[in-house]
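**Q** Requesting a structural model of the entry that follows:
(chains A, B, C and D)
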There are 2 protein chains.
Amino acid sequence: MALTEYFVRYLQRRDTLTDDDLARLRSVPTEIRSFQPGDEIVPAGPNKTRSCLILKGMAGRLHLLPGRSAQRVITALHVPGDFVDLHAFVLHGIEHSVVAVGPAEAEFIGHDELTEITENYPHLTRLLWMSTAIDAAIHRQWLVAANALRSSAHLAHLVCEIYTRLMAVGAARDYRLTLPLLQRELADILGYSSIHINRAVRDLRDRELLRWTGTDIEIIDWPGLVRLARFDPEYLDLERRRR
Amino acid sequence: MALTEYFVRYLQRRDTLTDDDLARLRSVPTEIRSFQPGDEIVPAGPNKTRSCLILKGMAGRLHLLPGRSAQRVITALHVPGDFVDLHAFVLHGIEHSVVAVGPAEAEFIGHDELTEITENYPHLTRLLWMSTAIDAAIHRQWLVAANALRSSAHLAHLVCEIYTRLMAVGAARDYRLTLPLLQRELADILGYSSIHINRAVRDLRDRELLRWTGTDIEIIDWPGLVRLARFDPEYLDLERRRR
DNA sequence: ACTGGAACTCAATATTTGTTAGACCCCCGG
DNA sequence: CCGGGGGTCTAACAAATATTGAGTTCCAGT
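**A** Predicted coordinates for the structure are as follows:
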């Protein structure tokens, strides 16, 4: 199988790919697999030999804490086009697992291919590096949101970000999105109890900022949601630029 | 001025540098500057043409939130040897400023040099990439700590991490370290009020885990501190390995 | 249609954290 | 020697969030 177009679009959104770059990307052999909700796409651990991209659905980075209480923390959410565990290429492994949230499809690429790209395609290499740098910027924004926002605003921030990221790859429009997350999983992401997530959802509904039933969200008042969340998409680096 | 040895040590701790790699690193021209506590080392904004390494003291990544309350969040702390804003090389700029915490010294490197390295030194390129990937892993661990730990344990986690990172570059030993942070700044890092930070510091003292006066910390009970913080240095990727 | 489980909803209560206000202490300039 | 400012520390009270337990809805399987 050849590398699908999602990641190509992700890159072209931010830079111009040369014909050589494109040809090299399209020549990468990949394996595509499907996953059920909760399935482990990549287990935590050292010595990875490949990394994966999301094709359909969503994936999360799940950290399991040692100790009796078995706490779960999800430190990242990934949408189609995201090169989820690309960082495992330069690290000794990953300290978290990657799990499917909702039904999902992922595409695997061998690290030998990536090594060859870093040896001969410097521009492409910088773009791969950029992709991991954007993930890091998202991590920082999550830290900012966690420290500065109250539960409702914090939840609103997540909705704003995911909608913007889905829009950027053409996977959402008309202020509608599917968020295949249980309230319990939202709790693992935002660091609240699931009961408190429930309060926050109710609050956003009561303020008439959005409609939220099950996994379907319709944003009614985008400016209001953005204001409450103090959302500024700057950190997603969506501008086209020479890298 | 030639690139100082701190970053070289940072890399050699994790991989073996070839003579070519070493020679190229040492040929990088740099500018060294000193900063007073609170000084802005790098302003937030787009189109950066160089990035900086910490030589002495510490630096933080400061995010200022729009809005009347002027909230401050510090999303990262950097110690000597850290290539603080290397990610600005592949992004369109940085969405936060870099400020000195305590008196500090930093070394600046032009992005043209980095571009040349990515064109001709693939192994070195992967190591630079690794450095930003480790920063991202630290971001994730901070998210885990923020979501899973209570104030005292959260503060203990920060102390464990900083001590480990200082040890790794030879800037701390004998369970003693200098943390040039006001309690107000610790509040900006951990997301609590400064009064609550005070409570947490007192709590760690009362549990006889450490002595903490001003900026000087002496860890009395390292195993106890590690247990409370559930600290596992795995994410700092301190193993030597071919990349 | 029944049934069981899982998720969502809600209220009462406990714990954690924030806010306000002030005391203490040390350093430094007048 | 005195006085002011900033940082640290403490207490009392207020607000946010967690926990527990129970009721409700929804859906898959029988």
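**Q** rest of the way, CA atoms for contacts and neighbours
**A** Fine.
**Q** For chain B, see how far away A:Arg26 is.
**A** 21 Å (CA to the nearest CA, to the nearest Å).
**Q** can you check A:Trp212 too?
**A** From A:Trp212 to chain B the distance is 24 Å (CA to the nearest CA).
**Q** Next, the nearest residue to that residue once chain neighbours are set aside: phi, psi?
**A** Of all residues not flanking A:Trp212 in the chain, A:Glu218 sits nearest, at 6.4 Å (CA to CA, 6 or more residues apart in numbering or on different chains). With angles defined as degrees, to the nearest 10, A:Glu218 sits at phi -120, psi 120.
**Q** and A:Glu218, what does it touch?
**A** Going by CA atoms under 8 Å, 6 or more residues apart in numbering or on different chains, A:Glu218 touches A:175-177, A:210-212.
**Q** A:Leu143 touches B:Leu143, doesn't it?
**A** Yes: between A:Leu143 and B:Leu143 there is a contact under CA atoms under 8 Å: 6.3 Å.
**Q** close to DNA strand D, is the helix or strand containing A:Glu185?
**A** If you go by DSSP states H and E, A:Glu185 is part of helix A:183-190. No: using CA under 7 Å from any atom of the strand, we find that helix A:183-190 stays clear of DNA strand D, coming within 7.9 Å at best.
**Q** Give me the mean pLDDT for the helix or strand just after that helix.
**A** Where DSSP H and E defines the elements, the next helix or strand beyond helix A:183-190 is helix A:194-206. Helix A:194-206 carries an average pLDDT of 93.
**Q** so helix A:194-206 versus helix A:183-190, what angle?
**A** Between helix A:194-206 and helix A:183-190, the angle comes out at 90 degrees (axes from the mean of the first three to the mean of the last three CA atoms, to 10 degrees).
**Q** residues of whichever helix or strand comes after helix A:194-206 that come out buried?
**A** Counting by DSSP H and E, the element after helix A:194-206 in chain order, helix or strand, is strand A:210-213. By 16 or more other CA atoms under 10 Å in any protein chain shown, the buried positions in strand A:210-213 come out as A:210-212.
**Q** hey, what's the residue nearest the centre of chain A bridged with?
**A** By CA atoms, centre = their mean, chain A has its centre lying nearest to A:His78, at 2.0 Å. With DSSP bridges applied, A:His78 shows beta-bridge pairing to A:Ala59.
**Q** wait, doesn't it sit right on A:Lys56?
**A** No: taking contacts as CA under 8 Å, A:His78 lies outside contact range of A:Lys56: 10.1 Å.
**Q** circling back to that earlier point, out of the buried residues of strand A:210-213, which is nearest to A:Gly110?
**A** The nearest member of those to A:Gly110, counting by CA to CA, is A:Trp212 at 39.3 Å.
**Q** So for A:Arg68, what's the pLDDT?
**A** 55.
**Q** What are the neighbouring residues in contact with A:Leu181?
**A** A:Leu181 touches A:101-102, A:215, counting by CA under 8 Å, 6+ apart.
**Q** how near is it to DNA strand C?
**A** Distance, A:Leu181 to DNA strand C, by CA to the nearest atom of the strand, to the nearest Å: 7 Å.
**Q** what secondary structure does that residue sit in?
**A** Classification of A:Leu181 using DSSP: H, G, I helix; E, B strand; the rest coil returns coil.
**Q** And A:Leu143, by the same measure?
**A** Here A:Leu143 is helix, with the state taken from three-state DSSP.
**Q** could you dump the helix or strand in which A:Ile217 is found to PDB, C-alpha only?
**A** Using DSSP H and E, A:Ile217 sits within strand A:216-219. In PDB, the C-alpha atoms belonging to strand A:216-219 read as follows (Å, rounded to 0.1, in the frame of the first residue of the first chain):
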ATOM      1  CA  ASP A 216     -22.400  14.600  18.100                       C
ATOM      2  CA  ILE A 217     -21.700  18.200  18.800                       C
ATOM      3  CA  GLU A 218     -23.200  21.200  17.000                       C
ATOM      4  CA  ILE A 219     -21.600  24.500  17.900                       C
END
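**Q** How about it and DNA strand C, touching?
**A** No: Strand A:216-219 does not reach DNA strand C (CA under 7 Å from any atom of the strand); its nearest approach is 10.4 Å.
**Q** Tell me the strands beside that strand, with direction?
**A** Here strand A:216-219 has these sheet partners by DSSP bridges: strand A:176-178 (antiparallel), strand A:210-213 (antiparallel).
**Q** just how off-centre is the shortest one within its chain?
**A** Looking back up the chat, that one is strand A:176-178. 15 Å (CA atoms, centre = their mean, to the nearest Å).
**Q** Tell me which of the strands paired with strand A:216-219 lies nearest to DNA strand D.
**A** Evaluated over those, closeness to DNA strand D peaks at strand A:210-213, with 9.4 Å, by CA to the nearest atom of the strand.
**Q** Quick one: mean pLDDT for that closest one?
**A** Rounded mean pLDDT across strand A:210-213 is 92.
**Q** Over to stretch A:236-243?
**A** On average, stretch A:236-243 scores 90.
**Q** Please identify the buried residues of it?
**A** Of all the residues in stretch A:236-243, those buried under the rule 16+ other CA under 10 Å are A:236-238, A:243.
**Q** And stretch A:169-184, by the same measure?
**A** Neighbour-count burial for stretch A:169-184 flags A:169, A:171-172, A:175-181, A:183 (criterion: 16+ other CA under 10 Å).
**Q** among those residues, which two are most distant?
**A** Among the buried residues of stretch A:169-184, the pair separated by the greatest distance (CA to CA) is A:Val169 and A:Gln183, at 25.2 Å.
**Q** Would you format the contacts of A:Glu218 as a markdown table with distance to B:Ala153 included?
**A** Shown next, in a markdown table, are the contacts of A:Glu218 (distance: CA to CA, whole Å):
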| residue | distance to B:Ala153 |
| --- | --- |
| A:Tyr175 | 40 |
| A:Arg176 | 40 |
| A:Leu177 | 37 |
| A:Leu210 | 36 |
| A:Arg211 | 38 |
| A:Trp212 | 35 |
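**Q** Would you mind putting the residues you listed into CSV with distance to DNA strand D alongside?
**A** Shown next, in CSV, are those (distance: CA to the nearest atom of the strand, whole Å):
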residue, distance to DNA strand D
A:Tyr175, 22
A:Arg176, 18
A:Leu177, 17
A:Leu210, 18
A:Arg211, 14
A:Trp212, 13
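**Q** Many thanks, have a good one.
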